[in-house]
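Q: fold the following and give me the result.
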Amino acid sequence: MTNIDNLKAFDPFADAAKGDDESVQDGLVHVRIQQRNGRKTLTTVQGLSDEYDLKKIIKVAKKEFACNGTVVDHSEYGEVLQLQGDQRENICKLLVSCGLVKQDQLKVHGF
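A: Sure, this is the predicted structure:
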């Protein structure tokens, strides 16, 4: 009977509740590309920490890459950076060189 009492001490579903909060779900920064119409594309960056000012990051990226961009409030992912064009490699280099994320935290999606 004591073995059954020991099972109560360990909750195998305790980590399942961690996915319910609004923070980054896996600690990764996801860089995606979305096809618009024709040859036009959008690059989205999702999963940056809330302690960073995303408007300042987008301002630097716009000047550096000579493209337009904005911060969009997504219902599921929170605040997402959007850049015009295929800027996946450029934004990855910028985020790593500024020290905002490490290379192993970046997850690049698309094509």
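Q: now the helices for the chain?
A: 2-9, 54-65, 88-97 (DSSP state H).
Q: show me where this protein has strands.
A: For the chain, the strands defined by DSSP state E occupy 29-35, 41-46, 69-74, 78-84, 106-108.
Q: for those strands, give me CSV that also has mean pLDDT and distance to Lys55.
A: Every residue, glycine included, has its C-beta placed from N, CA and C. Shown next, in CSV, are these (pLDDT from 0 to 100; distance: least, C-beta to C-beta, whole Å):
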stretch, mean pLDDT, distance to Lys55
strand 29-35, 92, 17
strand 41-46, 94, 13
strand 69-74, 92, 6
strand 78-84, 92, 10
strand 106-108, 92, 21
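Q: can you say which of those strands is nearest to Lys93?
A: Ranking the strands of the chain by proximity to Lys93 (C-beta to C-beta) places strand 106-108 first, at 10.0 Å.
Q: so which elements touch the closest one?
A: Using 3 or more C-beta pairs under 8 Å, 6 or more residues apart in numbering; DSSP states H and E, the elements in contact with strand 106-108 are strand 29-35, helix 88-97.
Q: nearest residue to Leu81 in space, please, no chain neighbours.
A: Excluding the flanking residues, the one nearest Leu81 by C-beta to C-beta, 6 or more residues apart in numbering is Val45, at 4.0 Å.
Q: the one you found pairs with what?
A: Counting by DSSP bridges, Val45 is bridged to Val31, Leu81.
Q: now it: how far from Gln35?
A: According to C-beta to C-beta, to the nearest Å, Val45 stands 17 Å off from Gln35.
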